[in-house]
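[1] after the sequence you'll find the predicted model.
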Amino acid sequence: MGQQINHTETGPKHHKPEGKKRHIVAFIVSIILTAIAFLAVILGGSNAFVIPFIIVLGIIQAGFQLYIWMHMDQKGHELPELGIYTGLLVAVVTVIVFAYWMGGY
């Protein structure tokens with residue numbers, strides 16, 4: 001009578017929804033990074049170690065926020081990604097210039 005068409009192959013391609021596993025893992029990693037930062041402060045130690053250590057943990061956590069929760073790893077986010085990286089470059093250069101200006105290096 002008529003031909004059957006398999007709509008899964010010819011129909012529009014939809015974005016496959018992400019599973020909960022990726023978000024749960026990212027959430028647990030974020031909590032662990034926060035706990036490590038608190039632990040570093042509680043245990044004390046020299047400021048020369050603790051402060052840069054917490055900054056590194058913050059950068060890692062910001063990466064998780066951008067790429068897991070805000071979906072910056074998906075296509076279509078090139079312009080916001082360019083803005084974020086440009087702002088990051090300006091911030092890093094500003095901090096380096098300020099530290100040099102204040103005589104820190």
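    Looks like it came in fine.
[2] from here on, contacts and neighbour counts on C-alpha atoms
    OK.
[3] mind checking pLDDT for the spatially most central residue of the chain?
    In the chain, the C-alpha nearest the mean C-alpha coordinate belongs to Gly63, at 1.6 Å (CA atoms, centre = their mean). Reading off the confidence values, Gly63 has pLDDT 82.
[4] now it: how far from Gly76?
    To Gly76, Gly63 is 18 Å away according to CA to CA, to the nearest Å.
[5] for Gly103, same thing?
    43 Å.
[6] same question, Lys20
    Lys20 is 22 Å from Gly76, by CA to CA.
[7] just checking, which helix or strand of this protein averages the lowest pLDDT?
    The weakest-scoring helix or strand in the chain, judged by mean pLDDT, DSSP states H and E, is helix 7-10 (a mean of 52).
[8] quick check: what element follows it along the chain?
    helix 20-43 (DSSP states H and E).
[9] for that following helix, what is the average pLDDT?
    The model assigns helix 20-43 a mean pLDDT of 89.
[10] isn't Ile68 right up against Ile24?
    No: using CA atoms under 8 Å as the test, Ile68 is too far from Ile24 to be in contact (10.2 Å).
[11] between these two, which one's more packed in?
    Ile68 (17 against 11; other CA atoms under 10 Å).
[12] spit out the contact partners of that one.
    Arg22, His23, Ala26 (CA atoms under 8 Å, 6 or more residues apart in numbering).
[13] which one is Gln61 nearest to, not counting chain neighbours?
    In this structure, Gln61 finds its nearest non-sequential neighbour in Ser30, 6.2 Å apart by CA to CA, 6 or more residues apart in numbering.
[14] burial check on that neighbour, number of neighbours?
    When neighbours are counted by other CA under 10 Å, Ser30 comes out with 19.
[15] equivalent analysis for Ile28, please.
    Around Ile28 there are 11 residues (other CA under 10 Å).
[16] can you check Ala37 too?
    Counted with other CA under 10 Å, Ala37 comes out at 19.
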